[in-house]
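J.: Attaching a predicted model along with its sequence, questions to come.
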Amino acid sequence: MGVKGSCDIQEVVASPMEWEGQGGRGASQLSANLHSQHSIVSRLQRDGVNMAEGRRKVRVEERLKIKIGEAKNLQCRTHGSVNQRDVYCTLSLDQEEIFRTSTMERTLDPFFGEEFQFEVPRRFRYLSVYVYDRDRHLKQDKVLGKVAIKREDLHTYHNKDHWFPIVPVDADSEVQGKANIEVKLDPVLKGEADVGQQNSRVTVRLIECSDLTIKNGNCDPFANVTMCYSNSKQESRRTKVKRKTVSPHFDEVLVFELPNSRGQNHDRDTYSLQHEQDVEFSELRITLWHDSPGMADNMFLGEVKIPLRGLQQQQFAASNKWYFLQPRSHKNHSYSRSPGNSGFPPGTHQDSLGTLRLNIHYTADHVFSSHVYDPLRQLILQSTQIEPVTSSAAYILGEIVTSKVDAAQPLVRVFMHYGEIVPMIRALARWEISKVTDANTIFRGNTLVSKMMDEAMKLAGLHYLHNTLRSSLDLVFRERKPCEIDPARVRDPAMIEANLTNLKEYVENIFEAITTSALHCPSLMCQMFHDLKELASTRFPDNREVRYSVISGFIFLRFFAPAILGPKLFDLTTEQIDSQTNRTLTLISKTIQSLGNLVSCRSAQQTRKEEYMSALYKAFCTKKHMQAVRQFLEIISASSDPGHRTLDSPVILKEGVMIKRAQGRKRFGRKNFKQRYFRLTTQDLTYSKTKVSVCFMSPGKEPLCCIPLDQILAVERLQEDSFKMKNMFQIIQPERALYIQANNCVEEKEWIDILTKICQTNANRLERYHPSAYINGRWMCCQAPSEVAPGCSDVSQGLEVGLQMDLDPDRELQRIHSLFIAHMDRLDRLRSACECQAVYTGDMCFLPSFIIEDVQSCFKMLNQLRETVFNLEQEHRSYLKLLTRETKYGSKQAPIGDDNYLLLAARVRHQDSSQLRITCSLPK
């Protein structure tokens, strides 16, 4: 029988008894399988599936970190005197550009080494990296190719370097979005004799589309609806054009009839269709176009093909469904998959134009209500009190994961939120220092405590870092003085002396900024440094230098030096960094690392790896500089608060170029939108015409507008229908609202988040607001005529108080749970070792890279962890079961046309019974 309406996705969750009874593939497959289910749930949850009453509230939090490493074997130019290229990359979610790398000049093997990380603000189908050639000869940038990875396949490349082939970009394959189409089939009855005839009329209702591609900065969509008949004839209709929207609402009805069922007055000349008794419907094709007047052709946005040949296909199509837009197929295109690039989008070529090395770290966490995590939270927070610390949940997690960073990030956030990060760091550091025999090797390895210190400094010290380094680095970016001192890199050796002078000047500025910033070091960092100093001094009482070296290794080597080397990663700049400036930052960073070792007598005698750095190092290896470093380290590790911590001058929190609508104007027009340079500080939000006018503030050069933070009543997104523009938000003030358009969805979210966070304690904060603009004498959201009418929607919930840390403990506990699940096989091996070796004798147990100091307490903790993790996973399985039951294939949450949805559902259904086999054998 045919399928009427949207079809159910079959239940994909097995019961615990089924898990236990099935043969297993082992815990090693658990991580990949869970990624597959989580991809399905993410797709459904992101669009907001209507939950039945009583269903648990689950939110999806996605995080993406990608490092664009290098490209190899790019094709050379075919024109001009230089056949090499100036190459840069852009990172996109579908067709929306999010980040852009610096340009590597005159090379076919560019090295980028740039990392980007962000919270994913919306659904996407493909993560794409486009490779461009900045061609000065043609005065335009040319796209060389791309790497595109389906969202469901990202876990395949999680946290490892992978070489991807670069494939050509076909304009017809750059497609995104979906369409809501209703199809009805009816027989055309002319008399009693026609009662049993086939369906002779198709009524097509194109309701709406969503998330269409923007072409040349705009989207004016219309649709061509074509009916294909079995005799190769076609009949087409065209909808009206919808202006300036990526989510057009058409709601147009189009009717098609078989030729042999039409009346005598039908216009046969137009369609040239003959009366044929055997003609039937073959395919319905809806093609979306961007209206491009003045151009040779309209621009393709995507198409949907619905087969209608035969009764079964007609029955399936006869309903209201959502469809993913698909690329326009070409017979010369290759659609086959490649092991190097799993998940090629349809319409891209497999012929390689070079390769690109990427490292992708993607997580999708499904976060339950806070009480669900209470048992796991209790085990984690007990880690500060467990003796020995090697039997604690935090330590065990750090030992079973492949990457210590993966464990350190969520652990630090949980302990910070509950005010336990200092005792946790102290407990781990005490144990690690107790095992060290040489003071010079303290925290030199890849250990959990060192990674947790790194993460804690990033969270607690980000604004301290900005306040300390921003002005000195801005000078480097602005002046761009040559600083190369390596003879192998300098064409004219006579320039080395001048370059050395420039480099000394920059290093001195940054060194002074660091060593005079001790009073502004956050208290949390000072407490951790104090504990490390005391522990190291107690362990090595005869070593007078260890009290300094144990701190300098973190504050200089792991805090300031990485920020200087990669300022974009620490939000110290938003501008592209050219190759010369990047080399200058590398030399400065190397020097700052060396200056951190000035507290060691041995460091004064060490030989530089690069001989050309010796002169620079000697210039700073003076008594004056050594004293400055020691004084700085003493202050930031003092046992009491190191003085007054309130910054006298405002700290810059965020800045960048955006488009704003003029405030107070009633007439809407294009000229009202202007590009401005925005700067947010701890005191106010300002905008000026250019960045220079902000950097070099002088009388008569004040910003065009200054909004004190206490005058911001709310910060909310602005609905697209207000100005037919995407990524807009509003800053609501007592007298008016300022409308701003960000460059992309990620930037929009970042601005809204930080503005909301710093203004959420305002006494006059609004409770309700208008989500649309006031235009032509009315609010577009509620149609209220008064400009001072009360808001019609509740304001968004504010973020947690605290500028330096935006912490979500439930999300981090979910991340910890996912890590335990992904490494359950290692946890079980550790448990088996404890069970077999001296459980009852209490003897110390040594395993490769793991020391069990107290076997009984460790075995007890392992059992508690397994049981807690299993129970929490049961919650996830129950949620997935309920969600898949209620989700319809063909709904907006699961549109037709993406085979990954059904393939992943089938995979989960096939493998579900064996995924948690190991975790079911819990201790009695």
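T.: Arrived safely.
J.: which parts of stretch 429-443 are buried?
T.: Residues of stretch 429-443 classed as buried: 429-433, 436, 439, 442-443 (neighbour count, 16 or more other CB atoms under 10 Å). Heads up, the C-betas are built off the backbone N, CA and C, glycines and all.
J.: pLDDT check: weakest of the residues you listed?
T.: Within the buried residues of stretch 429-443, pLDDT reaches its minimum at residue 439, with 82.
J.: Could I get the contacting residues of that one?
T.: Residues near residue 439 by CB atoms under 8 Å, 6 or more residues apart in numbering: 536, 539-540, 543, 545-546, 549.
J.: The buried residues of stretch 429-443 into a markdown table, with extra columns for secondary structure?
T.: Formatted as a markdown table, the buried residues of stretch 429-443 follow (DSSP: H, G, I helix; E, B strand; the rest coil):
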| residue | secondary structure |
| --- | --- |
| 429 | helix |
| 430 | helix |
| 431 | helix |
| 432 | helix |
| 433 | helix |
| 436 | coil |
| 439 | helix |
| 442 | coil |
| 443 | coil |
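J.: Which two among the residues you listed are spaced furthest apart?
T.: Taking CB to CB, the two most distant members of the buried residues of stretch 429-443 are 431 and 439; they sit 16.5 Å apart.
J.: before we move on, back to that, which of the contacts of residue 439 fall in strands?
T.: Per DSSP state E, strands hold no members of the contacts of residue 439.
J.: Mind jotting down where the helices sit in the stretch 501-650 of the chain?
T.: 523-539, 546-554, 561-565, 579-595, 614-620, 623-636 (DSSP state H, counting those that start in this stretch).
J.: Check the stretch 301-450 of the chain too.
T.: 311-317, 374-381, 393-400, 404-417, 421-434, 448-479.
J.: same question, the stretch 801-924 of the chain
T.: Going by DSSP H, counting those that start in this stretch, the stretch 801-924 of the chain shows helices at 809-822, 824-836, 855-886, 899-915, 917-920.
J.: quick check: angle from the second one to helix 855-886?
T.: To tie it back to what came earlier, the one meant is helix 824-836. Between the axes of helix 824-836 and helix 855-886, defined by axes from the mean of the first three to the mean of the last three CA atoms, to 10 degrees, the angle is 150 degrees.
J.: centre of the chain versus helix 824-836, how much separation?
T.: Mean C-alpha position of helix 824-836 versus that of the full chain (CA atoms, centre = their mean, to the nearest Å) differs by 34 Å.
J.: Please apply the same query to the third one.
T.: The offset between the C-alpha centroid of helix 855-886 and the centroid of the whole chain comes to 27 Å, using CA atoms, centre = their mean.
J.: what does the first one give?
T.: When C-alpha coordinates are averaged (CA atoms, centre = their mean), helix 809-822 and its chain have centres 18 Å apart.
J.: Let me know the angle separating it from helix 393-400.
T.: 40 degrees.
J.: mean confidence for helix 809-822?
T.: 94.
J.: next one: the fourth one
T.: When pLDDT is averaged along helix 899-915, the result is 48.
J.: Including distance to residue 361, could the buried residues of stretch 429-443 go into CSV?
T.: Shown next, in CSV, are the buried residues of stretch 429-443 (distance: CB to CB, whole Å):
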residue, distance to residue 361
429, 27
430, 31
431, 29
432, 26
433, 30
436, 31
439, 34
442, 29
443, 24
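J.: Ignoring the adjacent residues along the chain, who's closest to residue 503?
T.: For residue 503, ignoring the flanking residues on the chain, the nearest one in space by CB to CB, 6 or more residues apart in numbering is residue 483 at 4.0 Å.
J.: Now do the same contact list for that neighbour.
T.: 499-500, 502-503, 506, 583-584, 587-588.
J.: where in the stretch 401-550 of the chain is pLDDT low?
T.: For the stretch 401-550 of the chain, no stretch has pLDDT under 70.
J.: about what we covered before: out of the contacts of residue 483, which comes closest to residue 354?
T.: Checking the contacts of residue 483 one by one against residue 354 (CB to CB), the nearest turns out to be residue 583, at 24.6 Å.
J.: For that closest one, grab the count of nearby residues.
T.: Neighbour count for residue 583, taken as other CB atoms under 10 Å: 16.
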